[in-house]
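Novice: Can you look at this prediction? I've put the sequence above it.
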2 protein chains.
Amino acid sequence: MRYGHELTTRTFAVIGPEVQDRKMRLAGNNLACTSCHQNDATKPYAMPWVGVAATFPQYRAREDAISSVEERVNGCMERSMNGRPLPLDSREMKAFASYIHYVSRGLPIGAKLEGAGAKPIKAPNRRADLAAGEAVYAKNCVACHGIDGQGQRRGKVGDAEGYAFPPLWGKDTFNNGAGMNRMLTAAAFIRHNMPQGTTHQTPVLSDDEAFDVAGYVLSKPRPIKAGLDNDFPARWNKPVDAAFPPYVDGASADQHRYGPYPPLQDLAKQRADALKTARETAAAR
Amino acid sequence: MRYGHELTTRTFAVIGPEVQDRKMRLAGNNLACTSCHQNDATKPYAMPWVGVAATFPQYRAREDAISSVEERVNGCMERSMNGRPLPLDSREMKAFASYIHYVSRGLPIGAKLEGAGAKPIKAPNRRADLAAGEAVYAKNCVACHGIDGQGQRRGKVGDAEGYAFPPLWGKDTFNNGAGMNRMLTAAAFIRHNMPQGTTHQTPVLSDDEAFDVAGYVLSKPRPIKAGLDNDFPARWNKPVDAAFPPYVDGASADQHRYGPYPPLQDLAKQRADALKTARETAAAR
């Protein structure tokens, strides 16, 4: 559990790309889990791990399969951490699972918890305005993340000490397969957690501002994950803001990347309902 | 979850040694999980899986390591089922984990539950009396398990339909590394669950009878697991009734196999206390 806490809060120092032991360089960037999962992964609507142990194994659309909590950790390792999966029986994976178990203690198996995941915004029915997003960024984000989006190192390159404020684009951040690379997820996270100190009860940015600044940040270059066409293999339940091909609804790549999303959400709902009806009809025969 | 239930109750028919698909022959005997884990693995003090999802990952003395629930399933696969481990990411393993999660729903993460495991007996301070055990067996067990301990097949050899009543010794049952091969575990299970229909609230056998009949059953030949000296590698927390070498307390193999156990339990407690004191002294320096 203690090692899991260390891995969670000082990921860069234990399995980051700058650690001494080359075999331990499993993460591909110098982020920490807590770069997104704030307050040691316990903050409501910052994708907390509190209660997560009670929800696995669970069906995951990204794999179209039942996943263990360990496999979910590897989902982050390969995307948000732009790295390699941890062996399922490794000390590091057991440490992560033990920490997740620890912060979930007392919560009932199978429970749906208030504060889980990210709190959705009401997505504006328009494309993100990247210029407006740049202005939101300049006003609210630059102090910590920098005009170049590269955040602020604790020490210097190569010391495996990570960032006081993480980079948002460029080589040392989440790749394009990460959940945070999806507009609606990023906007939900930003609105209820950014700037630093914001909670879902004290949002600073409006839905529109969060949407636009998410568009601006995600318009910047970042690491590319190979093989993303293997994600969401069932296709029908691929999130509308998963901005990588294939796109199966006839909408443009640009609309999946920047919106407007409500028409895509309507399409996705129709598709899911049609599939459900077809399944029920088949079952009734 | 449904597949997990099938695997649990009809193990022999899905992954048993007589199934058509050779690749699926992962269990080495024709038992079901529910041969021991009664009532679909929900019966109190019959090592129920209810709540088990809330207790993993956990430290396991057998491995002297933190184990996932999947690894614990494989502990049974290699011992009680005398077979091979399931791949951690296999459909079968996910089904087991999903069923364990299902029967654990609503129970709080980290909870200690009444009815977990087996309810201990008060171990008599003597060696098991195998002749007395044989008499207990003849009176209480023969109707189902047979005078030869081979149980009763549902159908015939080779049909992968398993047993109405499982064999207790011989080639088609748990091996000598199984928890059920430990006298105190077997006696606890028998006293609170046997004959068929017995519960911990309505025991039929006395502690002495359960102890003796366990000794009789476990005195019979059964499959041998290779490499058991790798189990309980820390040694100090090896159960006193784990009847395979090495024995580190100077007591005889016969005493570990048949008792008397209270002197061994006293020795084990002294050893654990001494280790704890040494650790605390080292930490205080």
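Specialist: Everything's here; your move. Numbers count the residues shown, from 1 in each chain, chains lettered A, B, ... in the order given.
Novice: Could you list the buried residues of the helix of greatest length in chain A?
Specialist: Longest helix in chain A by number of residues, with DSSP state H as the criterion: helix A:262-284. By 16 or more other C-beta atoms under 10 Å in any protein chain shown, the buried positions in helix A:262-284 come out as A:264-265, A:268. No exception for glycine: its C-beta is placed from N, CA and C like everyone else's.
Novice: can you check stretch A:245-254 too?
Specialist: A:247, A:249.
Novice: Could I get the full set of helices for the stretch 151-285 of chain A?
Specialist: A:183-193, A:207-218, A:253-258, A:262-284 (DSSP state H, counting those that start in this stretch).
Novice: For chain B, find the nearest of those helices.
Specialist: Closest approach to chain B among those is made by helix A:262-284 (14.3 Å; C-beta to the nearest C-beta).
Novice: quick one: contacts of that closest one?
Specialist: If you take C-beta atoms under 8 Å, 6 or more residues apart in numbering or on different chains as the criterion, helix A:262-284 is touched by A:123, A:125, A:236-237, A:240, A:249, A:251, A:255-256.
Novice: got the angle between that helix and helix A:183-193?
Specialist: 110 degrees (axes from the mean of the first three to the mean of the last three C-alpha atoms, to 10 degrees).
Novice: gap between the longest helix of chain A and the chain center?
Specialist: 26 Å (C-alpha atoms, centre = their mean, to the nearest Å).
Novice: Out of the helices of the stretch 151-285 of chain A, the one nearest A:Arg2 is which?
Specialist: helix A:183-193 (25.9 Å; C-beta to C-beta).
Novice: can I get the CA coordinates of the closest one in CSV?
Specialist: Extracted in CSV, the C-alpha atoms of helix A:183-193 (Å, rounded to 0.1, in the frame of the first residue of the first chain):
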residue,chain,number,x,y,z
MET,A,183,-12.6,16.9,-25.4
LEU,A,184,-15.5,16.1,-23.2
THR,A,185,-13.4,14.4,-20.6
ALA,A,186,-10.8,17.2,-20.6
ALA,A,187,-13.4,19.9,-20.4
ALA,A,188,-15.2,18.1,-17.5
PHE,A,189,-11.9,17.7,-15.7
ILE,A,190,-10.8,21.3,-16.3
ARG,A,191,-14.1,22.9,-15.3
HIS,A,192,-14.3,21.1,-12.0
ASN,A,193,-10.6,21.0,-11.1
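Novice: What number of residues are in the vicinity of the nearest residue to A:Pro239 once chain neighbours are set aside?
Specialist: Nearest residue to A:Pro239 in three dimensions, chain neighbours excluded: A:Arg182, at 6.0 Å (C-beta to C-beta, 6 or more residues apart in numbering or on different chains). By other C-beta atoms under 10 Å in any protein chain shown, the residues close to A:Arg182 number 23.
Novice: you'd agree A:Arg182 is up against A:Phe232?
Specialist: No. The criterion here is C-beta atoms under 8 Å, and A:Arg182 misses it with A:Phe232 at 11.4 Å.
Novice: which neighbours do these two share?
Specialist: Joint contacts of A:Arg182 and A:Phe232 (C-beta under 8 Å, 6+ apart) are A:239, A:242.
Novice: what's the burial count for the closest residue to A:Thr11 other than its chain neighbours?
Specialist: Distances taken as C-beta to C-beta, 6+ apart place A:Ala32 nearest to A:Thr11, at 4.3 Å, with adjacent residues excluded. Other residues near A:Ala32 number 23, with proximity taken as other C-beta under 10 Å.
Novice: what does the one 4 residues further on give?
Specialist: Around A:Cys36 there are 22 other residues, counting by other C-beta under 10 Å.
Novice: how close does it get to chain B?
Specialist: Distance of A:Cys36 to chain B, given as C-beta to the nearest C-beta, to the nearest Å: 22 Å.
Novice: how about that residue, what does it touch?
Specialist: A:46-47, A:80, A:180, A:189.
Novice: picking up where we left off before, give me the lowest-pLDDT entry from the contacts of helix A:262-284.
Specialist: Of all these, A:Asp249 has the smallest pLDDT value, namely 88.
Novice: Leaving out sequence neighbours, find the closest residue to it.
Specialist: Computed as C-beta to C-beta, 6+ apart, the closest residue to A:Asp249 that is not its neighbour in sequence is A:Leu267, at 5.0 Å.
Novice: Tell me which residues are up against the helix or strand hosting A:Phe12.
Specialist: A:Phe12 is located in helix A:11-15, with elements delineated by DSSP states H and E. Helix A:11-15 is contacted from outside by A:6-7, A:18-19, A:24-27, A:30-34, A:81, A:83, A:86, A:92, A:160-163, using C-beta under 8 Å, 6+ apart.
Novice: change it to 6 Å
Specialist: A:7, A:24, A:26-27, A:30, A:32-33, A:160, A:162 (C-beta atoms under 6 Å, 6 or more residues apart in numbering or on different chains).
Novice: out of those, who's nearest chain B?
Specialist: Among these, A:Leu7 lies closest to chain B (C-beta to the nearest C-beta), at 13.4 Å.
Novice: Could you tell me which other helices and strands the helix or strand containing that closest one packs against?
Specialist: With secondary structure defined by DSSP H and E, A:Leu7 is part of helix A:2-9. Other helices and strands packing on helix A:2-9, by 3 or more C-beta pairs under 6 Å, 6 or more residues apart in numbering or on different chains; DSSP states H and E, are helix A:91-103.
Novice: what's the helix or strand following the helix it packs on packed up against?
Specialist: Next helix or strand after helix A:91-103 toward the C-terminus (DSSP H and E): helix A:130-140. In terms of contacts (3+ C-beta pairs under 6 Å, 6+ apart), helix A:130-140 is packed against helix A:207-218.
Novice: Tell me which residues of the helix it packs on come out buried.
Specialist: Neighbour-count burial for helix A:207-218, counted by 16+ other C-beta under 10 Å, picks out A:207-218.
Novice: same thing with stretch A:49-56?
Specialist: A:49-56.
Novice: so which of these also contact chain B?
Specialist: Restricting these to those near chain B by C-beta under 6 Å from any C-beta of the partner chain leaves A:53-54.
Novice: Now pLDDT and secondary structure too, for the buried residues of stretch A:49-56, in CSV please.
Specialist: Output for these, formatted as CSV (pLDDT from 0 to 100; DSSP: H, G, I helix; E, B strand; the rest coil):
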residue, pLDDT, secondary structure
A:Trp49, 98, coil
A:Val50, 97, coil
A:Gly51, 96, coil
A:Val52, 97, helix
A:Ala53, 96, helix
A:Ala54, 96, helix
A:Thr55, 96, coil
A:Phe56, 96, coil
